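S.K.: sequence unknown, structure follows:
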Ligand SMILES: Cc1cc2nc3c(=O)[nH]c(=O)nc-3n(C[C@H](O)[C@H](O)[C@H](O)COP(=O)(O)O)c2cc1C
């Protein structure tokens, strides 16, 4: 079984529980995210984990980062955002075009304004849906202050808001109100490519970067 680890603590617990492999996923990733950046997780976990293979996810848009994580000891990498725009992806053309237009700064995590009503952070491209979610959250907190709603009721209303949200964007093409889950690497996505071309590009850029690093080592020797 392969499991996601968004922190060192969870990675250690999962290894103790006997997982077959770990995917460490950082804050830059698309969708539901943890609190720690991919680069810090990689530094904390890759050099010290020998028990199971470790795969790295979050913020990888090109072969450049891919090769660096592999050289740090990763067994592989996982990319979501770049492949969401692949020719073979079933996503609606509106969804793919929203990714192509977006800059990295547009993919932000949902905010939590009060720990009494927790929000699991989801990174997505900002649209009306995200703004409506913020308005709903602030309204529910005001009701909580007035004592006209319980914490549990407020939590349920927030959970309900995004039900079907990803489907609305990915399948129906509603990019105004649907959930445009995307990582910060969305800023690197500039065209619709076949999976074959994306893999070719990742490998070519990765090999070029590996050659560059090896030539630096030669110079040092
Ligand atoms: C549109 C989209 C939907 C995703 N849905 C899920 C999901 O249902 N379950 C899951 O574990 N991860 C999901 N992810 C996260 C990916 O599996 C992957 O770990 C992540 O996208 C890697 O980071 P990147 O987006 O920076 O490449 C999703 C990512 C995107 C972009």
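M.R.: Noted; the coordinates are in hand. None of the values given here were measured: they were computed from a predicted structure. Numbers count the residues shown, from 1 in each chain.

S.K.: Every contact and neighbour count from this point should use C-alpha atoms.
M.R.: Noted.

S.K.: Near the nearest residue to residue 138 once chain neighbours are set aside, how many other residues are there?
M.R.: In space, and not counting its chain neighbours, residue 138 is closest to residue 113: 7.7 Å by Cα to Cα, 6 or more residues apart in numbering. Residue 113 has 13 neighbouring residues, counting by other Cα atoms under 10 Å.

S.K.: Ok, residue 101 next?
M.R.: 13.

S.K.: re the thing from before, return the per-residue confidence for the residue nearest to residue 138.
M.R.: pLDDT, residue 113: 93.

S.K.: State the distance from it to residue 19.
M.R.: Distance from residue 113 to residue 19, counting by Cα to Cα, to the nearest Å: 35 Å.

S.K.: about what we covered before: can you confirm the residue nearest to residue 138 is in a strand?
M.R.: No - counting by DSSP: H, G, I helix; E, B strand; the rest coil, one finds residue 113 to be coil, located in no strand.

S.K.: Contact partners for residue 106?
M.R.: Taking Cα atoms under 8 Å, 6 or more residues apart in numbering as the criterion, residue 106 is in contact with 124-126, 184.

S.K.: now the helices for this structure?
M.R.: Using DSSP state H, the helices of the chain run over residues 8-17, 38-45, 63-71, 81-84, 93-101, 128-146, 151-161, 165-170, 195-220.

S.K.: I'd like the mean pLDDT over the third one, please.
M.R.: Helix 63-71 shows a mean pLDDT of 96 in the predicted model.

S.K.: Can you name every helix or strand that it contacts?
M.R.: strand 76-78, helix 195-220 (3 or more Cα pairs under 8 Å, 6 or more residues apart in numbering; DSSP states H and E).

S.K.: Out of these, which is closest to the ligand?
M.R.: The ligand sits nearest to strand 76-78 of all these, at 5.8 Å, using Cα to the nearest ligand atom.

S.K.: List the strands paired with that closest one, with their directions.
M.R.: With DSSP bridges as the test, strand 76-78 is paired with strand 54-57 (parallel).

S.K.: Show me the domain layout of the protein.
M.R.: 2-79+193-220, 93-188 (automatic domain parsing).

S.K.: what about the shortest one, near the ligand?
M.R.: This points to domain 93-188. Yes - Domain 93-188 is in contact with the ligand by Cα under 6 Å from any ligand atom, via 181-183, 185.

S.K.: Now neighbour count and pLDDT too, for those residues, in JSON lines please.
M.R.: What follows is these, written out as JSON lines (neighbours: other Cα atoms under 10 Å; pLDDT from 0 to 100):
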{"residue": "181", "neighbour count": "27", "pLDDT": "97"}
{"residue": "182", "neighbour count": "30", "pLDDT": "98"}
{"residue": "183", "neighbour count": "34", "pLDDT": "98"}
{"residue": "185", "neighbour count": "25", "pLDDT": "98"}
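
S.K.: now, among those residues, which is nearest to residue 26?
M.R.: Using Cα to Cα, residue 183 comes nearest to residue 26 of the residues of domain 93-188 next to the ligand, at 10.0 Å.

S.K.: Tally up the residues packed near the residue nearest to that closest one when sequence neighbours are not counted, please.
M.R.: Spatially, and ignoring its direct neighbours in sequence, residue 183 is nearest to residue 30 (3.6 Å; Cα to Cα, 6+ apart). For residue 30, the neighbour count with other Cα under 10 Å is 28.
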